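**Student:** here's my sequence, what's the structure:
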Amino acid sequence: MSPTHRTASARCLTASKAVVVTLVTTVFGGCVAGLSFALTQAVHDGRGLGVPLSHPGAARVIVASALLAPVCALTGMAWAP
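**Tutor:** A predicted model of the protein is given here:
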């Protein structure tokens, strides 16, 4: 096996790991962000301070929160030795 083949194989493996980590953490982040929004709105609605999902910017904040997990995971993978 040539060194070039081993390097290509390692790159393919790393890319596959990155794809799997991205998919898993995106789903996880979406679940956490959605559940967090729902629970905090339940608390805030009880006090008359709730914000609906249709409020301008609410969906954008939830998506940003959901994408925080994969960004952190991929950053960690990039810095790992």
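
**Student:** how many neighbours does residue 66 have?
**Tutor:** Residue 66: 21 surrounding residues under other C-beta atoms under 10 Å. Bear in mind the C-beta positions are built from the backbone N, C-alpha and C, glycine included.

**Student:** sec struct for it, please.
**Tutor:** Counting by DSSP: H, G, I helix; E, B strand; the rest coil, the backbone at residue 66 sits in helix.

**Student:** show me what contacts it?
**Tutor:** By C-beta atoms under 8 Å, 6 or more residues apart in numbering, the residues touching residue 66 are 26, 29-30, 32-34.

**Student:** what about it, distance to residue 36?
**Tutor:** Per C-beta to C-beta, to the nearest Å, residue 66 is found 10 Å from residue 36.

**Student:** hmm, who's touching stretch 49-61?
**Tutor:** Contact with stretch 49-61 is made by 37, 41, 44, 62, as judged by C-beta under 8 Å, 6+ apart.

**Student:** please, a PyMOL command that selects the buried ones among these?
**Tutor:** Buried residues within these, by 16 or more other C-beta atoms under 10 Å, are selected in PyMOL with:
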select buried, resi 37+41+62
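
**Student:** what's the farthest-apart pair in the contacts of stretch 49-61?
**Tutor:** Farthest pair in these (C-beta to C-beta) is 44 and 62. Separation: 14.7 Å.

**Student:** now for the longest helix seen in the chain, which elements pack on it?
**Tutor:** Longest helix in the chain by number of residues (criterion: DSSP state H): helix 3-46. Packed against helix 3-46 by the contact rule (3 or more C-beta pairs under 8 Å, 6 or more residues apart in numbering; DSSP states H and E) you find helix 58-79.
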